[in-house]
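> just the structure for this:
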Amino acid sequence: MRAELAELHLTYAEFEVLGALRRAGGPYRLKPTELSRALLLTSGGTSNVLQRLTKEGYVEREADPDDARSRWVRLTPEGLRAAEAGLEVTGRAHREVMAGVPEETMRRAADALREVLLIVGRRRVR
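Presented below is the predicted three-dimensional model:
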C-alpha cells in the first residue's frame, strides 16, 4: 500500500491526515491536537506531516476566531482530490490482498474484531 501511495507522492502518515480531515466532513477541518489524538501521532509528528501537506497545497492553517491561540487545519480542494485518489489506490490494494479469502471467513474476522474493539472501548471509558 505504501508503494501505491508513493505513486501519488504521499506517505502513509500524510494519507492518514488527509483521510481524517475528509472524514470530518465539510468544511473538512480539525485542530492539530484532534488529528494527533485520532491518528495516534505525537504533536511533533503531526506538525511535520502538516508542514509537508501545507507545502504541497493539500491543507491550509487558519485562525480560530473563537480562540486566538488556536488554529484549524483545513483540507484544500487539491487535498480533497489527493485524499480521494489515496482512497482509490488503498481500496484497490486492500481488495488485491483480500482476494481469495472466503466471505464467511471475512465476516467471522470482522465480528471477532468488533467484539475486541468493544471490550477495549469499555476499558478506556473507565
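
> for the rest of this, base every contact and every neighbour count on C-alpha atoms.
Noted.

> how much space separates the spatially most central residue of the chain from residue 49?
Against the mean C-alpha coordinate of the chain, by C-alpha atoms, centre = their mean, the closest residue is residue 16 at 2.8 Å. For residue 16, the distance to residue 49 (C-alpha to C-alpha, to the nearest Å) stands at 10 Å.

> same thing with residue 110?
With C-alpha to C-alpha as the criterion, residue 110 and residue 49 are 31 Å apart.

> residues contacting residue 28?
Contacts for residue 28 were tallied using C-alpha atoms under 8 Å, 6 or more residues apart in numbering; they are 21-22, 74-75.

> for those residues, which one is nearest residue 53?
Of all these, residue 75 has the smallest distance to residue 53: 9.4 Å, by C-alpha to C-alpha.

> give the contact list for the closest one.
Counting by C-alpha under 8 Å, 6+ apart, residue 75 touches 18, 21-22, 27-29, 58-60.

> over to residue 17?
35, 39, 49.

> by neighbour count, which of those residues wins?
In terms of neighbours by other C-alpha atoms under 10 Å, the contacts of residue 17 top out with residue 35 at 22 neighbours.

> what secondary structure does it sit in?
Three-state call for residue 35 (DSSP: H, G, I helix; E, B strand; the rest coil): helix.

> ok, it touching residue 22?
No - using C-alpha atoms under 8 Å, residue 35 is not in contact with residue 22; the gap is 11.6 Å.

> which strands and helices sit next to the host helix or strand of residue 84?
For residue 84, the element it lies in under DSSP states H and E is helix 77-98. On a contact count with 3 or more C-alpha pairs under 8 Å, 6 or more residues apart in numbering; DSSP states H and E, helix 77-98 meets helix 2-7, helix 12-23.

> 10 Å instead, please
Here helix 77-98 touches helix 2-7, helix 12-23, strand 59-64, strand 67-75, going by 3 or more C-alpha pairs under 10 Å, 6 or more residues apart in numbering; DSSP states H and E.
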